[in-house]
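> let me see the structure of the following:
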Amino acid sequence: MQNITIQTTQNIVIEYELAGIGDRIVAYIIDVLIYSAYWVLVMLSFQVFRSNNDFWFILVSIPILLYQLLCEIFLNGQSIGKKAKGIRVIS
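A predicted model of the protein is given here:
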């Protein structure tokens, strides 16, 4: 694994290990499985209730659209897939 070294303004050196491509792909696949599971549950519920209302379809699609953003904000820079693989976005 490669490391990246960052020197802060207080002359403190911080070293991070960079995530490999394999870890990133596995994390992405986990996130896609979560999207898919959510989408299957939504589609099954629409079939059960026989709802053809576009408003409800758009409303239940919002979590998929905001998944990455909300995970980055509320899970300290990690989606569920990234958390499972121990990857984190840092700035």
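
> for the protein, longest helix please?
In the chain, with assignment by DSSP state H, the single longest helix is helix 21-49.

> who does that helix touch, helix- and strand-wise?
helix 54-74, helix 80-85 (3 or more C-beta pairs under 8 Å, 6 or more residues apart in numbering; DSSP states H and E). (Glycine included, C-beta is placed from N, CA and C.)

> so which elements touch the shortest one?
This means helix 80-85. Helix 80-85 sits against helix 21-49, with contacts defined as 3+ C-beta pairs under 8 Å, 6+ apart.

> mind listing what's buried along the helix it packs on?
Neighbour-count burial for helix 21-49 flags 23, 26, 27, 30, 31, 34, 42 (criterion: 16 or more other C-beta atoms under 10 Å).

> check stretch 60-79 too.
60, 67, 71, 78, 79.

> tell me how far the ends of stretch 72-87 are from each other?
End-to-end span of stretch 72-87 (C-alpha to C-alpha, to the nearest Å): 12 Å.

> can you report phi and psi for the residue at minimal distance from the centre of the chain?
The centroid of the chain falls nearest to residue 79 when counting by C-alpha atoms, centre = their mean (3.1 Å). Dihedral pair for residue 79: phi -90, psi 180, per degrees, to the nearest 10.

> right, I'll call it a day here.
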